[in-house]
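Trainee: Sharing a model prediction with you, sequence too.
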Amino acid sequence: MELKILHTTDIHSNFENLSRVVTKIKEIKDENTIILDAGDFSDFKKLELLGTKGLLAVELLEYAGYDAIAVGNNEIFNGVDTLSNMATKSKVPFLSCNLYKKGLDKIKGIFKSTIIKRNGLNILIIGTSPDLGDFYPLFDLELKNYIKTIKEEINLFKNKFDKCILLSHLGLNSDKDIAENIEDINIIIGGHFHILMDKAEVVNKKVIHTSGANAENLGIVKLKIDEEFKVIEAKNINVMDIKKDKGVLDIIKKNKTIALNNLNKPLYQIDKNLWHDVIEENPITNLLVDSLNDILDCDIGIINSGVLNGGVKKGDISEKKLLEICPSPLNPTCFEIKGKYIKNALENSLDADFCLSDGQGPGFRGKFLGRLHVSNAKIEHDGRNILNIYINGEKLKSDKYYKVASSDYLFRATGYNSFKHSENEVYNKELLRDVLRKYLCKDEFIKNAYKDRWILK
């Protein structure tokens with residue numbers, strides 16, 4: 001007998017690409033097909049996803065005929081309430097055996113596993129979610145050891161399944177670790193690190209396959225299951241030249257209308273234009289960095305303009321506008337670092353080409369890295385070199401540790417490499433756009449945003 005697995009991962013709300021995937025799924029699926037997603041299907045950079053509390057993703061999963069999805073980190077980034085809203089309203093099971101509410105309570109709507117019947121076989125599918133270190137406590141979540149929880153789930157269904165598929169958003173290294181240490185798994189469909197495999201890897205007789213990211217490919221694994229277990233074919237099919245499925249496009253259009261109605265409602269009004277620029281100091285980024293420093297109460301605030309996509313005009317401020325200018329799910333972060341490394345980063349920021357470099361990194365939904373903006377500080381420069389840096393009116397000291405109000409993006413030293421020397425980080429639960437929402441209505445912060453901190457001598 002044969003079994004066909006079609007799979008995606010890390011779609012990150014590239015739903016127009018998904019429409020091409022769905023066209024291919026409809027073409028090649030048959031009665032012995034299982035359709036799976038290994039997580040990060042949803043990315044709340046999308047207006048139509050945020051404005052429907054994730055229900056657009058649920059509708060698309062059901063329409064495409066998915067049999068199960070693993071809970072990835074991006075399914076979590078809009079909070080556990082949104083995750084539960086999606087999971088409880090979905091006919092497609094959301095799976096994670098190792099993700100729990102704080103205190104190891106069950107998350108409403110999330111299943112550890114599901115059993116699917118195909119071609120006379122009972123197939124156990126177990127889901128796993130990735131380790132994000134200190135971020136899960138921000139969402140009142142915690143993880144259990146994935147090896148232990150997978151084994152517990154397998155033992156729970158012992159003698160009730162014929163084959164086992166792990167739907168993993170742990171990353172390839174962890175997938176290989178599982179293959180080496182758990183005997184009862186047959187196939188691992190993976191995700192998280194955006195790896196596109198030309199062919200399956202076999203580790204300890206376990207088949208591992210991944211399908212890249214952004215719905216540019218559809219993974220396919222064909223198996224022969226008799227007394228032996230044999231891979232007939234494992235590949236990825238590029239879908240970028242395939243016709244879009246009209247049903248997917250109609251679902252997106254309908255949900256975008258719903259989302260815009262929800263997100264366009266004015267929160268408040270402002271009476272000044274706060275413009276944005278990638279290279280030059282600008283008031284919207286100054287307001288953001290002042291706001292971060294006010295919340296985190298540090299010696300200096302530092303943020304890169306690339307975390308914002310644009311500015312705001314005077315008039316109504318809505319959730320839609322906040323999401324448009326600040327789509328990245330990044331968190332306010334306090335850390336400590338020596339003054340000499342702050343100076344190194346600021347020196348990089350004088351180079352326009354450096355500011356215009358690709359800002360790609362975890363959680364980033366913009367394009368350019370951008371110039372550093374500061375709060376409670378003044379930088380004197382000649383256009384090419386930094387002459388003096390003052391923090392709270394005092395000259396910066398190279399070997400002194402300073403507390404910095406910033407984001408997890410800069411703490412990870414994305415682009416600005418000297419921040420790799422940071423330590424003692426503390427994350428805030430809010431996102432950067434939540435900070436903007438709170439402070440854009442404060443006149444004193446708007447007024448202060450126009451005060452230059454980079455002074456040309």
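Mentor: Now that the structure is in, tell me what you want to look at.
Trainee: Just to be sure, residue 138 is in a strand?
Mentor: No. Applying DSSP: H, G, I helix; E, B strand; the rest coil, one finds residue 138 to be helix, outside a strand.
Trainee: residues contacting it?
Mentor: By C-beta atoms under 8 Å, 6 or more residues apart in numbering, residue 138 lies in contact with 331, 427, 428, 429. For the C-beta atoms, the positions are set from N, CA and C on the backbone; glycine is no exception.
Trainee: Using neighbour counts, trim the residues you listed to the buried set.
Mentor: 331, 427, 428 (16 or more other C-beta atoms under 10 Å).
Trainee: Now render these as TSV, adding pLDDT.
Mentor: Output for these, formatted as TSV (pLDDT from 0 to 100):
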residue	pLDDT
331	95
427	94
428	92
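Trainee: returning to that earlier point: using CSV, lay out the contacts of residue 138 together with secondary structure and distance to residue 114.
Mentor: Below are these laid out as CSV (DSSP: H, G, I helix; E, B strand; the rest coil; distance: C-beta to C-beta, whole Å):
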residue, secondary structure, distance to residue 114
331, coil, 32
427, strand, 33
428, coil, 36
429, coil, 31
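Trainee: and which of those residues is nearest residue 49?
Mentor: Comparing the contacts of residue 138 against residue 49 with C-beta to C-beta places residue 331 closest, at 19.3 Å.
Trainee: pretty sure the closest one is touching residue 135, no?
Mentor: Yes. Residue 331 is in contact with residue 135 according to C-beta atoms under 8 Å; the separation is 7.5 Å.
Trainee: Identify the contacts common to the two.
Mentor: Common neighbours of residue 331 and residue 135 (C-beta under 8 Å, 6+ apart) are 408, 427.
Trainee: just to revisit the earlier point, switch the buried ones among the contacts of residue 138 over to a markdown table; also include distance to residue 65.
Mentor: Below are these laid out as a markdown table (distance: C-beta to C-beta, whole Å):
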| residue | distance to residue 65 |
| --- | --- |
| 331 | 35 |
| 427 | 38 |
| 428 | 40 |
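Trainee: what's the closest of those to residue 196?
Mentor: For the buried ones among the contacts of residue 138, the nearest to residue 196 is residue 331 (29.1 Å; C-beta to C-beta).
Trainee: contacting residues around residue 278?
Mentor: 305, 306, 355, 356, 368, 370, 371.
Trainee: What confidence value was assigned to it?
Mentor: Looking at residue 278, its pLDDT stands at 97.
Trainee: What of residue 228?
Mentor: 69.
Trainee: Run through the bridge partners of the nearest residue in space to residue 347 that is not next to it in sequence.
Mentor: Closest residue in space to residue 347, ignoring its immediate chain neighbours: residue 386 at 5.6 Å, by C-beta to C-beta, 6 or more residues apart in numbering. For residue 386, the beta-bridge partners under DSSP bridges are residue 381.
Trainee: from what I can see residue 386 touches residue 378, true?
Mentor: No. Under the criterion of C-beta under 8 Å, residue 386 is not in contact with residue 378, lying 11.1 Å apart.
Trainee: Give me the distance from stretch 1-14 to the chain's centre.
Mentor: 19 Å (C-alpha atoms, centre = their mean, to the nearest Å).
Trainee: That stretch: which residues count as buried?
Mentor: 3, 4, 5, 6, 7, 8, 9, 10, 11, 12, 13, 14.
Trainee: next one: stretch 357-373
Mentor: Those would be 359, 361, 363, 364, 365, 366, 368, 369, 370, 371, 372, 373, for stretch 357-373 by 16+ other C-beta under 10 Å.
Trainee: buried residues in stretch 147-156?
Mentor: So for stretch 147-156, counting by 16+ other C-beta under 10 Å, buried means 149, 150, 151, 153, 154.
Trainee: helix/strand/coil for the fourth one?
Mentor: Read that as residue 153. Per three-state DSSP, residue 153 ends up helix.
Trainee: domain parsing for this protein?
Mentor: Split into domains by automatic domain parsing, the chain comes to 2-259, 267-456.
Trainee: and residue 255, how many neighbours does it have?
Mentor: 22 (other C-beta atoms under 10 Å).
Trainee: my guess is it meets residue 57, correct?
Mentor: No. Residue 255 lies out of contact with residue 57 (C-beta under 8 Å); the separation is 9.4 Å.
Trainee: Pull up the overlap in contacts between the two.
Mentor: Joint contacts of residue 255 and residue 57 (C-beta under 8 Å, 6+ apart) are residue 49.
Trainee: can you pull out the strands in the stretch 151-300 of the chain?
Mentor: For the stretch 151-300 of the chain, strands defined by DSSP state E, counting those that start in this stretch occupy the ranges 163-168, 187-190, 201-203, 206-210, 217-225, 229-238, 266-270, 300-304.
Trainee: looking at the ones you listed, which is closest to residue 313?
Mentor: strand 266-270 (8.6 Å).
Trainee: which residues does residue 167 contact?
Mentor: Contacts of residue 167 (C-beta under 8 Å, 6+ apart): 36-39, 68-70, 95, 125-128, 189.
Trainee: Which ones among these lie within helices?
Mentor: Assigned to helices by DSSP state H, none of the contacts of residue 167 qualify.
Trainee: which of those lies closest to residue 276?
Mentor: Distances from residue 276 to these, taken as C-beta to C-beta, are shortest for residue 39 (32.6 Å).
Trainee: That closest one contacts residue 169, correct?
Mentor: Yes. Here residue 39 reaches residue 169: they are 3.3 Å apart, a contact under C-beta under 8 Å.
Trainee: Now list whatever residues contact both of the two.
Mentor: By C-beta under 8 Å, 6+ apart, the residues touching both residue 39 and residue 169 are 9, 70, 71, 72, 73, 127, 129, 130, 191, 192.
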